[in-house]
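Participant: Here's a sequence, model it:
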Amino acid sequence: MDILPAIDLREGKCVRLLQGDYDKQINYSEDPVAVAKRFEASGAQWVHVVDLDGAREGTLRNLPTIERMLKETNLQMEVGGGLRDTRTIEELLRAGVSRCVVGTRALEDWEWFRDLVHREDCGKRIALGLDARQGQLAVKGWTEQTRETALQVAERVADWPLAAIIYTDIGRDGMLLGPNVEAIKILADLSKIPIIASGGVTDIEDVRRLSALPLLGIIIGRAIYEGQLDLSEAVRLVRTV
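Facilitator: As a prediction, the model looks like this:
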């Protein structure tokens, strides 16, 4: 199990959105690369990066910043936000991104996503991003709701060569309300694809509770930035599991 500290990029800056609302933004740093270096120094081996501009506009917007983070750290990186065409994903993989997270395009164009995941050069390098609000999946930077549930989609991809499913509870994301452990447990227990949990982690006890579940990783954002959780301690905790 890995701890994946989160870097959300908007206009080249490191920010957080409250519950995915673009009008409720907290600014953390003008230099995301320096943030990534601090995460690495704290023992993290992965970083979870979201291009918020790309998520809303449908095309990757913060590639230069992503490339700098890759060049100036040894972190493994997964990237999501605006990954809605094959060319963008190929570009990120060539740049050295370990996992590309596809959400909106996957749910809107299932045939394209199936073909992408089964490409030889994409095997175990594509993650499916499932973002849920009150049980229903949301797309397009969390601005539109669908009728499907995360479990329904997870069952559909059970035998696909996916790297992971990244499950985010939008209602808790950036709110420091604690993770939705019950929903995460149900998905992790039933999914045949490894699950990475995101949204709501507030303190080390939340990490402890999630570390008891069969997860591939835990994404943490605001709690690290605001000093409510020590990244080094979280990394040490999950490495003992």
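Participant: okay, M175: pLDDT?
Facilitator: pLDDT, M175: 49.
Participant: Start at 288, not 1
Facilitator: Right, with 288 as the first residue, what we last looked at is M462.
Participant: which other residues reach the one helix or strand V336 maps to?
Facilitator: Applying DSSP states H and E as the criterion places V336 in strand 333-338. Residues outside strand 333-338 that contact it (CB atoms under 8 Å, 6 or more residues apart in numbering) are 289-296, 323, 326, 347-349, 353, 356, 360, 362-369, 385, 453, 485, 504, 506. Any C-beta I mention is one placed from the backbone N, CA and C, and that applies to glycine too.
Participant: if we go to 6 Å?
Facilitator: Outside strand 333-338, the residues within contact range by CB atoms under 6 Å, 6 or more residues apart in numbering are 289, 291-296, 323, 326, 347-349, 362-369, 506.
Participant: Stretch 371-383 too?
Facilitator: Contacts for stretch 371-383 (CB under 6 Å, 6+ apart): 345, 347, 354, 357, 366, 370, 387, 392.
Participant: Would you format the residues you listed as CSV with secondary structure and distance to Y315 included?
Facilitator: As requested, the contacts of stretch 371-383 are exported to CSV (DSSP: H, G, I helix; E, B strand; the rest coil; distance: CB to CB, whole Å):
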residue, secondary structure, distance to Y315
G345, coil, 25
L347, coil, 21
E354, helix, 20
L357, helix, 20
V366, strand, 18
L370, coil, 23
C387, strand, 24
R392, helix, 28
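Participant: pLDDT check: weakest of those?
Facilitator: Across the contacts of stretch 371-383, the bottom pLDDT score, 80, is held by G345.
Participant: so R374 sits in a helix?
Facilitator: Yes. Under DSSP: H, G, I helix; E, B strand; the rest coil, R374 sits within a helix.
Participant: So what's the residue count around it?
Facilitator: Neighbourhood size, R374 [other CB atoms under 10 Å]: 8.
Participant: State the pLDDT value of it.
Facilitator: 94.
Participant: How about A425?
Facilitator: For A425, the predicted pLDDT is 67.
Participant: Could you do E435 as well?
Facilitator: Per-residue confidence (pLDDT) for E435: 78.
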